[in-house]
Each structure stands twice: as structure tokens, then as C-alpha cells.
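Undergrad: fold the stuff below for me.
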Amino acid sequence: MHHSKVKVLVVGFAAVLTASVLFSCRKDVGVNPLLAYNDKALLDSAKNEAAFTYYKNSPSSVYSGTNGPHGAFKLKFNKIAYAALTDNGKLPVGQQFPNGSFIVKEIPSNGLYAMMYKREGSWIWSEVYNDGSILYSALQDPSVCTSCHSQSGHRDLVVSFNFY
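TA: Numbers count the residues shown, from 1 in each chain. Purely as a prediction, here's the structure:
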């Protein structure tokens, strides 16, 4: 009897272990890492004032926005993007922002956040209103944004440096 109880316990333990391994190794289990880069997550991050430095260290400056579709804006950079800027507050010509760079245009007139986040060498683009409604989703084709942002003189697809 004792031998059969041990056998049942071993078989039971093996079954639980096998099920645990199979379950934990399934590809559809776990959180999708792209969720960290969805519109809501980007908006939440953009609202974290402590994580950003405003363009030319000027949180009160509102730039005209006459050269783009967003309207008058405030421009801010997360610590990673800001570290890539030179003393004059601009990315050097020919340089690239590092992965993890996050650039946000706040449009005070309508509460829009136009956002660029650099991940794996490419920009993720999103435009979301303060209330969470989405004008342009990070899940859409980025060519709508890149068609304008790739104009002459851009610096890693940032064109604000051309005008301000």
C-alpha cells in the first residue's frame, strides 16, 4: 500500500508540474508588452510633469504652431530625449534620439497631446485629448505623421527645431 501511495503522489506531482510548465510557457499568457505603448499609457506618461523638461527650460512658453497642424503648443522632453539636446536646446544635426525618448507637444487651446515615443529605433506616434479620446492612435499607420515630420531640415523626424 505504501508503495502505491508514493506512486500516486509522484504521478500527481508530475501532472501538476507539467501543467504548470505548459501553462506558463504558452505564448498567449502574460501581458502584451505593447500595451505599455498604447494611447492611454502614452497619455498617462505625458501628464507626468516631473518626468519632463520643457523646451529651452521654459514651461510657460507657448510656440505659435503656425508651421504645423497642431496649433500653438508647449514642447517637452523626457530625461532620455532631453539628454540628447545640446546647450542651445536642439538635437545636433545628423544625430538621433536614443530609444526611450519621449517628446510631447501640449496644445493648450484644445487639450491635445501630440506624442512621439522612440522604441527599437522607430517612433511611435499618438495624438490624444486630455479626456482620453483619441485623434490619432499609436496603432495606426505612422505615415500620416512621418509625411510632415520628414520635411527638409528635420532632426530625427522632429521639425520644431527648424522654427523655434
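
Undergrad: in the sheet, who's paired with the residue positioned nearest the centre of the chain?
TA: Residue closest to the average C-alpha location in the chain (C-alpha atoms, centre = their mean): Tyr117, at 3.7 Å. Tyr117 has these beta-bridge partners by DSSP bridges: Phe102, Ile124.

Undergrad: do Phe77 as well
TA: Note on Phe77: beta-bridge partners by DSSP bridges are Thr53, Ile103.

Undergrad: hang on, it packs against Thr53?
TA: Yes - at 5.7 Å, Phe77 and Thr53 qualify as touching, with contact defined as C-beta atoms under 8 Å. The C-beta positions use only the backbone N, C-alpha and C, and glycine is treated the same way.

Undergrad: so which of these two has more stuff around it?
TA: Phe77 (24 against 17; other C-beta atoms under 10 Å).

Undergrad: what pLDDT does that one get?
TA: Predicted confidence (pLDDT) for Phe77: 97.

Undergrad: and what of Ser143?
TA: Reported pLDDT for Ser143: 85.

Undergrad: got the contact list for the residue nearest to the centre of the chain?
TA: 37, 42, 101-103, 123-124, 126, 138 (C-beta atoms under 8 Å, 6 or more residues apart in numbering).

Undergrad: tell me the helix or strand right after the helix or strand of the chain with the lowest mean pLDDT.
TA: Lowest mean confidence among the helices and strands of the chain (mean pLDDT, DSSP states H and E): helix 2-24, at a mean of 49. Once the chain leaves helix 2-24, the next helix or strand it forms, by DSSP states H and E, is helix 39-46.

Undergrad: can you list the domain ranges for the chain.
TA: 1-30, 33-163 (automatic domain parsing).

Undergrad: low-confidence ranges in the protein?
TA: Scanning the chain for pLDDT under 70 picks out 1-35.

Undergrad: same question for the nearest residue to Gly100 once chain neighbours are set aside, what's its three-state structure.
TA: Closest residue in space to Gly100, ignoring its immediate chain neighbours: Ile80 at 4.4 Å, by C-beta to C-beta, 6 or more residues apart in numbering. At Ile80, secondary structure determined by DSSP: H, G, I helix; E, B strand; the rest coil is helix.
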